[in-house]
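S.K.: okay, sequence plus prediction incoming.
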Amino acid sequence: ALTPDAAGTLLAERFGVTGTLRLLDGYRDLNFRVDADDGRRFVFKIYNPSEIRAFIDLQDTAMRRLADAGIEGCPKPVGTDEAAGSIIRLLTWVDGTSLADIRPHDIDLLEDVGRLVGRVDKVLADLDHRDANCELEWDPRHIHETVTERLSDIDDPSRRALINRRIGWAEGVATRLAGL
């Protein structure tokens, strides 16, 4: 794995940005929060080598559309390059609190989230991009396959049983989504 220092060197070489990097959570890519020396903040991503450039282009198109529609809270692409067989990318940082860190999820918050999801869906509804229909492992339409393939990775039998019970629920959601 790339250290924050090594990632910082790559960031400076490719994008001319220097600062302090802190590793962020991620399951597939390396993500760093960048507190730049000039006071700006970014996310520096080093993608999994299997990621394709066209999918990154799709993300850029979606982010630009959302920004053009006035939807706040979306990162903006700053630059994209390649290094050591991986796509690297710099995005603007979005200040705020993760939904996962907010408690409780009261009705006002959930209504706000619903309105935002509706606006995003409307803006992206007619997005026509060659990779807009690529298969993503965490797409709810494929959740059964994704979870089932990883079920044996859960060592705790009670947790594995809990996930097994939820697979049926997920299949119901996938069925409803397919009809939309």
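M.R.: Structure received. Since this is a predicted model, take the numbers as computed values, not measurements.

S.K.: list the buried residues in stretch 61-70.
M.R.: For stretch 61-70, the buried set under the neighbour-count rule, 16 or more other Cβ atoms under 10 Å, comprises 61, 62, 63, 65, 66, 67. Every residue, glycine included, has its C-beta placed from N, CA and C.

S.K.: backbone dihedrals for the first one, please?
M.R.: Okay, so that is residue 61. Main-chain dihedrals, residue 61, degrees, to the nearest 10: phi -60, psi -40.

S.K.: now, which of the buried residues of stretch 61-70 sits nearest residue 163?
M.R.: Closest approach between those and residue 163, by Cβ to Cβ: residue 62, at 30.3 Å.

S.K.: give me the spatial nearest neighbour of the closest one, chain neighbours excluded.
M.R.: residue 124 (5.9 Å; Cβ to Cβ, 6 or more residues apart in numbering).

S.K.: where's the one you found relative to residue 178, distance?
M.R.: 19 Å (Cβ to Cβ, to the nearest Å).

S.K.: more neighbours: which of those two?
M.R.: Ranked by neighbour count (other Cβ atoms under 10 Å), residue 124 and residue 178 place residue 124 first, with 16 against 9.
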